[in-house]
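Novice: Sequence and predicted structure are below.
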Amino acid sequence: MFPRIKRGGNEEHPHDYLQVVEAYRDPQSGKPKHRLIANLGRLDRLRDSGQLDALIVGLARFSEHVRVLGAARSDEGVGCRSKLWGPPLVFGRLWEREHLPEVLAELAEGRRFGFDLERMAFALTLQRLCCPGSDLQGSAWVQTVEAPGFGALELHHFYRTAAWLYAVREPLERELFRRDRDLFSREEVDLLFVDTTSVYVYRDTETEWRKRGYSRDRHGELPQFVLAVAVDGEGWPVAWEVYPGNTMDRAAFLKVIEVFRTRLRIRRVIVVADRAMLDQETLKALTEDLQAPFDYILGCKMRRQKEVRDEVLVRAGRYHRVAGNLRVKEVRVEGRRYVVCYNPEEARKDKAAREKIVARLEETLAREPRAVIGNTGFKRFLRPARGTLEIDRRAIEREARFDGKYVLRTNTDLATDAVATTYKGLWRVERIFREEKSVLEVRPIFHHSDENSIGHIVASFLALRLDVDLQRRLDAKGVETSWPDLMRDLSEVRAVRLTLDGKAWKIRTDLTGSAYAAFEAAGVRPPLRLLPLREATM
């Protein structure tokens with residue numbers, strides 16, 4: 001049954017009448033029809049007299065669902081409280097689809113923990129996504145989350161699980177890698193993008209792992225770990241490794257490559273990395289030191305590498321267009337293969353930026369020559385002259401050679417345009433790394449022990465896998481949303497527990513923004529709006 005408005009009266013005095021009708025299907029014709037149940041009267045009179053409101057309130061007394069939802073909106077309920085529900089539902093489904101419960105159960109076989117280890121590992125992972133912080137903060141946070149088993153988790157469970165993740169990090173990585181090959185139907189990894197970062201620790205003392213070194217976060221006063229991450233050509237996290245905080249980028253790079261060789265037994269792969277990794281030691285290790293050498297595509301430091309600066313960039317040759325604004329040409333120097341990439345639009349931007357700097361430099365020299373001293377932006381365009389400084393026009397001309405260009409070195413037999421587009425994929429992965437570092441908040445770490453600190457990092461990369469999985473599923477459905485917006489919308493989906501007339505209910509709040517798209521992408525059916533608590537799924 002449903003209400004219906006029926007137009008009545010006459011042309012001069014039309015009236016709307018409120019009726020209650022019932023839909024049925026004619027048994028002979030099979031067509032849908034409506035049957036009048038009751039004529040409630042003129043709609044305007046019902047409104048003006050207040051009879052319509054009284055009727056609705058009276059009917060609502062016979063519907064528990066309407067009463068409960070009304071009580072929730074008007075705060076008439078007793079014991080009303082809410083918990084986070086959207087993220088554990090969505091990421092919980094992805095957690096299951098990646099077979100993490102089974103993997104963790106296999107690794108923990110024969111061990112007795114006295115608590116649900118899989119639930120605790122998921123809680124650690126979910127905290128990295130939703131509410132990054134210390135384990136002390138996490139032990140309070142899990143009590144605000146609507147997820148199976150979270151209510152029984154305590155602080156010491158966080159510590160024990162982090163230490164266990166440290167102990168099983170290598171077999172965990174191997175098993176996930178093996179299952180990924182099956183899950184995504186891949187026989188081998190073709191491309192491997194490698195990046196490194198540092199993770200500082202709020203501790204004063206150094207240990208075997210916690211060392212002071214170059215800090216990308218400008219916290220050189222604190223000890224840190226160095227983290228190397230490898231993802232495949234589609235941005236999927238494949239391997240991770242932790243090193244002492246004083247490990248240089250190139251050393252971490254070579255070590256994570258060796259991880260692929262020994263731990264994961266990858267045979268043929270093309271390593272793609274940025275110019276920070278390119279030196280003779282790296283090339284020798286990739287091509288000579290390993291039993292089965294890797295192919296590589298590495299970015300070059302154009303200004304610091306003499307061969308690139310003075311030979312590769314000055315070689316004549318015609319560029320050919322690859323896609324969009326990207327143009328490429330190949331240069332060989334004594335058998336070494338380089339690919340010069342050129343973007344005319346970026347070249348115009350570089351030229352405009354340089355001309356702006358030179359104009360400011362000329363103005364500053366004319367007004368106050370001493371003001372240019374110590375200015376790093378001006379330094380490269382200056383030279384000493386007769387006890388003063390003047391603009392170095394030849395330096396400006398040399399700088400123009402770099403406009404809109406970057407140079408790659410490779411030992412692959414890929415076509416020139418394929419080398420360029422493959423390296424361009426590294427930009428996408430680097431962007432992913434920047435986003436994930438800010439999203440997962442791996443840094444800082446609060447643990448006292450190295451084992452718990454590294455276990456904390458392992459949980460962060462389990463979170464990274466879930467994050468990338470959801471992002472890829474959303475991309476496949478054409479859903480465009482930023483990570484902060486997505487997490488905000490999912491966090492708005494809450495479970496409200498309410499007691500009314502001695503009965504307990506669970507109410508789901510509205511799905512707003514991209515929340516429904518996230519549920520759909522993860523393959524999760526949103527819970528019903530209202531569930532009796534005895535029937536509600538936690």
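Specialist: All right, it came through fine. Everything quoted here is computed from the prediction, not taken from an experiment.

Novice: Only C-alpha atoms from now on, for both contacts and neighbour counts.
Specialist: Noted.

Novice: Distance of residue 361 relative to residue 49?
Specialist: Remark: distance between residue 361 and residue 49 (CA to CA, to the nearest Å) = 81 Å.

Novice: Have a look at these two and say which one is more surrounded.
Specialist: residue 361 (23 against 10; other CA atoms under 10 Å).

Novice: other SSEs contacting the helix or strand hosting the more buried one?
Specialist: Using DSSP states H and E, residue 361 maps to helix 344-367. Using 3 or more CA pairs under 8 Å, 6 or more residues apart in numbering; DSSP states H and E, the elements in contact with helix 344-367 are helix 376-379, strand 388-391.

Novice: Would you map the helices across the stretch 301-450 of the chain?
Specialist: 306-307, 344-367, 376-379, 393-399, 416-440, 450-476 (DSSP state H, counting those that start in this stretch).

Novice: Indicate which one of these is closest to residue 36.
Specialist: Closest to residue 36 of these is helix 450-476 (CA to CA; 46.8 Å).

Novice: any weak-confidence spans in the stretch 201-350 of the chain?
Specialist: For the stretch 201-350 of the chain, the stretches with pLDDT under 70 are 216-217, 233, 260-261, 263-269, 273-282, 285-293.

Novice: where along it do the strands fall?
Specialist: Listed from the start of the chain, the stretch 201-350 of the chain has strands (DSSP state E, counting those that start in this stretch) covering 224-232, 237-244, 270-273, 295-299, 320-323, 326-333, 336-342.

Novice: out of those, nearest to residue 499?
Specialist: With CA to CA as the criterion, residue 499 lies closest to strand 237-244 of those, at 44.6 Å.

Novice: export that closest one as CSV, just CAs?
Specialist: Extracted as CSV, the C-alpha positions of strand 237-244 are listed here (Å, rounded to 0.1, in the frame of the first residue of the first chain):
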residue,chain,number,x,y,z
PRO,A,237,53.6,-3.5,-3.8
VAL,A,238,55.7,-6.6,-4.3
ALA,A,239,58.7,-6.4,-1.9
TRP,A,240,59.9,-4.3,1.0
GLU,A,241,63.0,-4.3,3.1
VAL,A,242,64.3,-2.4,6.1
TYR,A,243,67.9,-1.3,6.6
PRO,A,244,69.9,0.5,9.3
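
Novice: on contacts alone, who are the packing partners of it?
Specialist: With contacts taken as 3+ CA pairs under 8 Å, 6+ apart, strand 237-244 sits against helix 169-183, strand 224-232, helix 249-262, helix 450-476.

Novice: Any chance of those in CSV with distance to residue 4 as columns?
Specialist: As requested, those are exported to CSV (distance: least, CA to CA, whole Å):
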stretch, distance to residue 4
helix 169-183, 52
strand 224-232, 59
helix 249-262, 69
helix 450-476, 40
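
Novice: what's the most buried one of the ones you listed?
Specialist: Greatest average neighbour count among those goes to strand 224-232 (a mean of 24), per mean count of other CA atoms under 10 Å.

Novice: Looking at the strands of the stretch 201-350 of the chain, spot the one closest to residue 107.
Specialist: For residue 107, the closest of these is strand 237-244, at 17.8 Å, according to CA to CA.

Novice: Partner strands of that closest one, with direction?
Specialist: Each strand that pairs with strand 237-244, with its direction, by DSSP bridges: strand 224-232 (antiparallel).

Novice: now the partner strand and helix 249-262, what's the angle there?
Specialist: 50 degrees (axes from the mean of the first three to the mean of the last three CA atoms, to 10 degrees).

Novice: Alpha carbons of strand 224-232, in PDB - could you do that?
Specialist: C-alpha atoms of strand 224-232 as PDB (Å, rounded to 0.1, in the frame of the first residue of the first chain):
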ATOM      1  CA  GLN A 224      65.900   6.300  11.800                       C
ATOM      2  CA  PHE A 225      65.400   3.200   9.600                       C
ATOM      3  CA  VAL A 226      65.900   3.200   5.800                       C
ATOM      4  CA  LEU A 227      63.000   1.600   3.900                       C
ATOM      5  CA  ALA A 228      63.300   0.300   0.300                       C
ATOM      6  CA  VAL A 229      60.100  -0.600  -1.500                       C
ATOM      7  CA  ALA A 230      59.600  -2.400  -4.900                       C
ATOM      8  CA  VAL A 231      56.400  -2.200  -6.900                       C
ATOM      9  CA  ASP A 232      55.500  -3.700 -10.200                       C
END
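
Novice: Spell out which residues make up each domain of this structure.
Specialist: Following automatic domain parsing, one finds the domains of the chain at 2-62, 74-167+447-538, 169-343+405-446, 345-402.
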